[in-house]
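Student: Structure here, sequence nowhere to be found:
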């Protein structure tokens, strides 16, 4: 990695939590220069605009959480166990995710709606990808006779993502993880009673 790439990586790593905590519109260049410990000129020497940094920061935050979820999913063999581990990840990691400002997808979805079209497209892509992952787990489970054949993968994926993101939203807003816990418990109940073959 060259010096320019290292500098960009450093800027993104330092900017990512700032954008996640303060919002993409609410983050100021002075906040970024303080967090990055670089001049505005150095930052703009590596990025064309604050928007470019915001998109890179979102990608970084998304990759951080996606990699961890991937590890959790791949640690299980059975499709139902993968889905349960996926849901539990959010509950187990809630305190840490909250310290970092909350779920980057949820934060960026709220922050970008109607005001930042490129970021909104990135968020939409992330949500669609998340639902595809859940749907593929269900399809693989049906194929291996681990999940009942009448389960609609797309329907369950939509429900799964909605319950997790809704639980995160309520829990982060109220400061009480009980809401996410209830949603995760409900997902586990669904997996064990409605999906598991």
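Tutor: In hand now; what should we look at? As the structure is a computational prediction, the values presented were derived from the model and not from experiment.
Student: ok, longest helix in the chain?
Tutor: Longest helix of the chain, by residue count under DSSP state H: helix 117-143.
Student: who are the neighbours in contact with the spatially most central residue of the chain?
Tutor: For the chain, residue 105 is the residue whose C-alpha lies nearest the centre (C-alpha atoms, centre = their mean; 4.6 Å). By C-beta atoms under 8 Å, 6 or more residues apart in numbering, the residues touching residue 105 are 62, 123, 126, 127, 130, 165. For glycine as for every other residue, the C-beta is placed from the backbone atoms N, C-alpha and C.
Student: try residue 51
Tutor: With the criterion set at C-beta under 8 Å, 6+ apart, residue 51 makes contact with 116, 118, 119.
Student: Could I get the contacts of residue 105 in TSV, plus columns for neighbour count?
Tutor: Output for these, formatted as TSV (neighbours: other C-beta atoms under 10 Å):
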residue	neighbour count
62	21
123	23
126	19
127	16
130	20
165	19
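Student: So which of those residues is the closest to residue 69?
Tutor: Checking the contacts of residue 105 against residue 69 by C-beta to C-beta gives residue 130 as the nearest, at 8.7 Å.
Student: Skipping its backbone neighbours, what lies nearest that closest one in space?
Tutor: Excluding the flanking residues, the one nearest residue 130 by C-beta to C-beta, 6 or more residues apart in numbering is residue 161, at 5.6 Å.
Student: do you know how far that neighbour is from residue 118?
Tutor: As judged by C-beta to C-beta, to the nearest Å, residue 161 and residue 118 stand 22 Å apart.
Student: Could you do residue 22 as well?
Tutor: Remark: distance between residue 22 and residue 118 (C-beta to C-beta) = 19 Å.
Student: who has more neighbours, these two?
Tutor: Between residue 22 and residue 118, counted using other C-beta atoms under 10 Å, the more crowded position is residue 22 (16 against 13).
Student: Model confidence at the nearest residue to that one once chain neighbours are set aside, what's the number?
Tutor: Leaving aside its sequence neighbours, residue 22 sits nearest to residue 31 (C-beta to C-beta, 6+ apart; 6.5 Å). Note on residue 31: pLDDT of 90.
Student: okay, now residue 31: neighbour count?
Tutor: 15.
Student: Surely it is in contact with residue 15?
Tutor: No: at 9.1 Å, residue 31 and residue 15 do not qualify as touching, with contact defined as C-beta atoms under 8 Å.
Student: buried residues in the lowest-mean-pLDDT helix or strand in the chain?
Tutor: Of all helical and strand segments in the chain, the minimum by mean pLDDT, DSSP states H and E falls on helix 104-112, at a mean of 84. Across helix 104-112, burial judged by 16 or more other C-beta atoms under 10 Å covers 104, 105, 106, 107, 108, 109, 111, 112.
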